[in-house]
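Colleague: just a sequence and a predicted model for now, questions to come.
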Amino acid sequence: MATSMITACSGNNGQSVNCPADNFEYKVDKFADLEILRYQVPDFESLSLNQKKLIYFLSQAALEGRDILYDQNNKYNLAIRRTLEAVYLNYEGPRDEKEFQEMVVYLKRVWFSNGIHHHYATDKFEPTFSQSFFEKAVRSIPAEKLPLKPFNNNVENLLQKITPVIFDKNLYAKRVNQAEGADLIKTSANNYYEGVSEKEVDDFYNKMRDPNDTTPISYGLNSKLMKENGKIVEKVWKVGGMYSDAIEKIVGWLEKAAEVAENDEQKSVIHSLIDFYETGDLLTFDEYSILWVEDTESRVDFVNGFIETYGDPLGMKASWESVVNFKNLEATKRTITISENAQWFEDHSPVDPRFKKDSVNGVTAKVITAAMLGGDCHPATPIGINLPNANWIRQMHGSKSVTIENITSAYDQAAQGNGFSEEFVWNDEERERIKKYGFQSDNLHTDLHECLGHGSGQMLPGVSQDTLKAYGATIEEARADLFGLYYAADEKMVELGLLPNMEAYKAEYYKYMMNGLLTQLTRIELGNNIEEAHMRNRQLIAKWVFEHGKEDKVVELKKRDGKTFVVINDYEAMRGLIGQLLAEIQRIKSEGDFEGAKKLVETYAVKVDLDIHKEIRERYAALNIAPYKGFVNPTYEPIMDKEGNIIDVKVKYEETFEQQMLRYAKEYSSLPTMN
Ligand code: ZN
C-alpha cells in the first residue's frame with residue numbers, strides 16, 4: 001500500500017543533494033529490460049561506532065530473509081534458482097556458446113525478480129535457451145551440486161518438476177493476477193495460498209473479522225493459507241513455523257542489534273519485533289508497529305518483516321522485506337517543514353470536509369540514506385516508504401514517511417545524458433525546466449506523497465480498509481499522488497522555501513503527464529494491460545486529467561514527425577483538474593465505494609492504446625535505456641581487534657551483480673529448497 005516506485009526517467013540534472021564523489025561508478029550491469037546501478041552511502045563514516053555496528057547487524061538481518069521472498073513468490077523458485085546457480089558454477093561446456101549465455105541472462109533475471117516472474121509485470125519470463133540445453137546442462141554437472149533433497153535425491157525427479165515450471169508458458173503464468181472475473185487466488189502463481197479458491201479465502205477471513213473492531217489485526221498477514229486433509233489451515237511464518245530456519249537467523253542478528261541500540265525506545269522496538277518473529281502473533285505485530293512509529297529520535301532506523309501486500313491479489317499476505325537506513329540530517333529539514341504544516345495542508349485540501357481529519361497526528365517525515373536493501377526491496381527498490389499499513393494505527397499513532405535520497409540521487413546521476421529527454425519532451429522550454437527543477441520537484445512530490453498524501457483524509461465510520469478489494473491499492477496510490485501533485489503547485493511551497501518559484505512545479509506536472517500517458521508504457525509488453533498498482537494509478541490520473549481537460553485543451557497529445565508528445569497548454573487548469581479528481585478519489589476511499597473505484601480504474605487505468613504503445617516502445621528501444629533499474633548493495637566489513645571486538649565498520653562498493661548474488665546464495669540461504 002505504501003511504497004512508491006521510481007518513474008521511468010528521473011530527469012536529467014546534476015544538482016544532487018548528496019554531492020556524490022565525481023568518479024563514483026553508478027552503472028554496474030545491463031541485461032534484458034534491466035539495468036543494475038550502485039548507490040553510495042554518504043556520511044556513513046561520520047556515524048558513531050555504535051551506530052555503525054547497529055547498521056552492520058541490521059544489515060545482516062536484512063539479508064537473511066532473502067530466500068523467504070523467493071519461496072513466497074513461487075514454491076519452485078528456490079529449486080530453480082539453486083539449480084541454475086549450480087549449473088552456472090559447475091558447467092564445463094563452452095561458456096561462450098549462445099545457449100549458455102542466454103541461460104545466464106535468465107538466471108540474472110531470476111536474481112533481479114527474486115523468482116521466475118517479472119518483478120513488476122508479474123508475468124513469467126520466457127526462457128531464450130532451449131529445454132534440451134537446460135536438461136543436458138543440468139545432467140552434466142555433479143549430482144551433489146544440485147538441490148536434490150526434496151526430489152528423492154534424483155536428478156530426473158528434479159527435472160521433471162522444474163522443467164515445465166520454466167518452459168511451459170501456461171503453468172504458473174502470472175504471479176499476481178488481477179484480471180476481472182477470474183478466481184484471483186487460483187490463477188495467481190504466488191505461494192501465499194495453495195489448493196484454495198478465492199471464495200474459500202474470503203470466507204475464511206470474513207469469519208474472523210469483527211466489523212465493530214476498531215483496532216483489527218492485519219488478518220492473514222504472516223501466513224500461507226492452504227488445504228491440509230481437506231481442512232483449511234494457516235501455516236504461520238515464525239520461529240518453529242514455516243520459514244523458521246531463516247527467521248531464526250534474522251532473530252539472531254536482531255538480538256545483537258538490540259545490544260547496541262541507540263536508546264531504550266529503539267531497544268524495545270527491536271525486542272518487540274523479535275517477540276513477533278518468535279510467536280507469529282499479529283497483536284504483537286501491532287504493538288511492534290506502534291513502538292516503531294513512535295521512535296522518531298533515533299538516527300538509525302529499519303524496516304524488517306512481512307510488510308507490503310502487493311504480491312497478494314487480495315492484499316492480505318505480506319512479502320518479506322528490509323531496509324536499513326539512517327537519517328540524512330540536512331535534507332530532513334525539508335520534510336520537517338512539510339510535517340509542521342500538515343494540518344494546514346489537510347484543512348486546505350479540495351476534498352469534502354467530512355473526509356478530512358480534524359487533527360492530523362504524528363506525520364513524521366524524514367529523508368534517509370539507505371544502508372542496506374533486502375527481500376522485496378532488493379534489487380528493485382522503492383524511493384519512498386510510508387508505514388505502518390494498518391489504517392487504525394496510522395490514525396491513532398501516525399505514520400513514518402521517508403524519502404530515500406541516496407537512491408533517487410543514484411537514479412538521477414545514472415540517467416544523465418541518456419537521450420530520454422531529447423526524445424520525449426515536447427520542446428526546449430519544457431526540457432530546460434525539467435533540467436533545472438526536475439530532481440528537486442520529483443523529490444518534493446515523493447515527500448508530499450509519502451508524508452502527507454497517505455496520511456491525509458479519513459474513512460467514514462464503519463467503512464473497512466478492505467472494501468475496495470483489488471482496486472484498493474491503485475486508489476490509495478492515486479490519492480497520495482494527487483495530494484502531492486495538488487500541493488506541488490501551491491504558492492505555499494514557495495512561501496515555505498520548498499520550491500524556488502512558481503515555475504518549478506511545472507517540471508513535475510509535465511513529467512507526470514508524459515510518464516502517465518506515454519513513457520511508462522515502455523515497461524509493458526505489447527498487447528498487455530497495465531497491472532501494477534503504481535502504474536495504474538499514474539495512468540488513471542494522467543488519462544482522467546487529459547480526458548476531462550480535452551474540451552479546453554488543457555493537455556494535448558500532439559504529433560510531430562510521426563511521434564506523439566504531451567503538450568500542456570494550461571498548467572493552472574491542470575491543477576484544478578487534479579483537485580477535482582483528488583476530491584472524487586477521497587470520496588471513494590472514505591465511503592468505501594467499490595463500484596466507483598472499479599469504474600475509475602477500469603475506465604482509465606488498465607487499458608492501453610495499442611498504436612501509441614507500439615510507437616513509444618520503438619522510440620524507447622532506439623535509445624537503448626533499460627526501463628527498470630535495481631541496485632547492488634554495498635558491503636560492510638567489520639574491523640576487529642585482537643579480542644574479536646568490532647572497532648570499526650568499513651563500507652565497500654566493489655561487488656558486481658553476479659558476485660553479490662552468488663555470495664548471498666552462499667551466505668544467506670538457510671531455507672530448505674521446498675518449504
Ligand atoms: Zn504510496
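Modeller: Right, received. Where do you want to start?

Colleague: so, low pLDDT: which residues of this structure?
Modeller: Residues of the chain meeting the criterion pLDDT under 70: 1-22, 361-363.

Colleague: for it, longest strand please?
Modeller: For the chain, the longest strand by residue count, based on DSSP state E, is strand 363-375.

Colleague: is it true that Ile36 lies in a helix?
Modeller: No: Ile36 is assigned strand when assessed by DSSP: H, G, I helix; E, B strand; the rest coil, not a helix.

Colleague: in the helix or strand harbouring Ala622, what's buried?
Modeller: Assigning secondary structure by DSSP states H and E places Ala622 in helix 610-623. The neighbour-count check on helix 610-623 (16 or more other C-beta atoms under 10 Å) flags 613, 615-617, 619-620 as buried. Where you see a C-beta, it was placed from the backbone N, CA and C, and this is true even at glycine.

Colleague: what is the nearest of those residues to Leu34?
Modeller: Distance to Leu34, by C-beta to C-beta, is smallest for Tyr620 among these, at 14.1 Å.

Colleague: who's in contact with the residue nearest to Leu600 when sequence neighbours are not counted?
Modeller: Once flanking residues are discounted, Leu600 sits nearest to Leu540: 6.4 Å by C-beta to C-beta, 6 or more residues apart in numbering. Shown here is Leu540, whose contacts under the criterion C-beta atoms under 8 Å, 6 or more residues apart in numbering are 474, 478, 600-601, 604-605.

Colleague: counting neighbours, which of those comes out on top?
Modeller: When neighbours are taken as other C-beta atoms under 10 Å, the top entry among the contacts of Leu540 is Ala478 (32 neighbours).

Colleague: mind checking how far whichever strand or helix holds that residue is from the chain centre?
Modeller: With elements delineated by DSSP H and E, Ala478 resides in helix 472-488, which encompasses its position. Using C-alpha atoms, centre = their mean, to the nearest Å, we find the averaged C-alpha position of helix 472-488 to lie 16 Å away from the chain's own average C-alpha position.

Colleague: in the stretch 251-400 of the chain, what residue is nearest the ion?
Modeller: Of the stretch 251-400 of the chain, the residue with the smallest distance to the ion, taken as C-beta to the ion, is Asn386 at 6.1 Å.

Colleague: you'd agree that residue is up against Leu448?
Modeller: No: shown here, Asn386 and Leu448 do not form a contact pair, counting by C-beta atoms under 8 Å, at 11.2 Å.

Colleague: looking at the two, which has the bigger crowd around it?
Modeller: For the pair Asn386 and Leu448, the greater number of neighbours falls to Leu448 (30 against 26), based on other C-beta under 10 Å.

Colleague: other SSEs contacting the helix or strand harbouring the more buried one?
Modeller: With elements delineated by DSSP H and E, Leu448 resides in helix 428-448, which encompasses its position. The helices and strands touching helix 428-448, judged by 3 or more C-beta pairs under 8 Å, 6 or more residues apart in numbering; DSSP states H and E, are helix 329-340, strand 399-404, helix 405-414, helix 420-424, helix 472-488, helix 504-517.

Colleague: could you confirm Phe302 falls within a strand?
Modeller: Yes: secondary structure assignment places Phe302 in a strand (three-state DSSP).

Colleague: count of neighbours near it?
Modeller: 28.

Colleague: residues contacting it?
Modeller: Taking C-beta under 8 Å, 6+ apart, we find Phe302 in contact with 58, 61-62, 322-325.

Colleague: for beta bridges, what are the partners of it?
Modeller: Partner residues in beta bridges with Phe302, using DSSP bridges, are Val324.

Colleague: show me what stretch 644-661 is in contact with.
Modeller: Around stretch 644-661, the neighbours that count as contacts under C-beta under 8 Å, 6+ apart are 24, 28-29, 36, 38, 40-41, 44-45, 49, 52-53, 55-56, 108, 111, 371, 379, 632-641, 663.

Colleague: thinking again about what came up before, next, the buried residues of the helix holding Leu448.
Modeller: Using 16+ other C-beta under 10 Å as the test for burial, helix 428-448 gives 430-431, 433-448.

Colleague: what about the strands in the stretch 551-675 of the chain?
Modeller: Using DSSP state E, counting those that start in this stretch, the strands of the stretch 551-675 of the chain run over residues 555-560, 563-568, 628-632, 635-640, 646-652.

Colleague: for the ones you listed, which one sits closest to the ion?
Modeller: Ranking those by their distance to the ion (criterion: C-beta to the ion) puts strand 628-632 first, at 18.2 Å.

Colleague: can you list the strands that the closest one pairs with?
Modeller: strand 34-38 (parallel).

Colleague: tell me how far whichever helix or strand comes after the partner strand lies from the chain's centre.
Modeller: Proceeding C-terminally, strand 34-38 gives way to helix 49-64 as the next helix or strand, assigned by DSSP H and E. Here the centre of mass of C-alpha atoms in helix 49-64, compared against the chain's by C-alpha atoms, centre = their mean, lies 22 Å away.

Colleague: could you look up the SS state of the residue in the stretch 101-250 of the chain that the ion sits nearest to?
Modeller: Distance from the ion to each residue of the stretch 101-250 of the chain (C-beta to the ion) is smallest for Tyr120, at 15.3 Å. Three-state assignment for Tyr120 (three-state DSSP): coil.

Colleague: count of residues packed around it?
Modeller: A count of nearby residues for Tyr120, using other C-beta under 10 Å, gives 18.

Colleague: let me know whether it touches Gly311 as I believe.
Modeller: No: contact criterion C-beta under 8 Å: Tyr120 and Gly311 do not qualify, at 11.8 Å.

Colleague: buried ones in stretch 353-361, by neighbour count?
Modeller: Using 16+ other C-beta under 10 Å as the test for burial, stretch 353-361 gives 355-357, 360.

Colleague: for Leu37, give the beta-bridge partners.
Modeller: Beta-bridge pairing of Leu37, defined through DSSP bridges, involves Lys27, Phe631.

Colleague: fine by me, thanks again.
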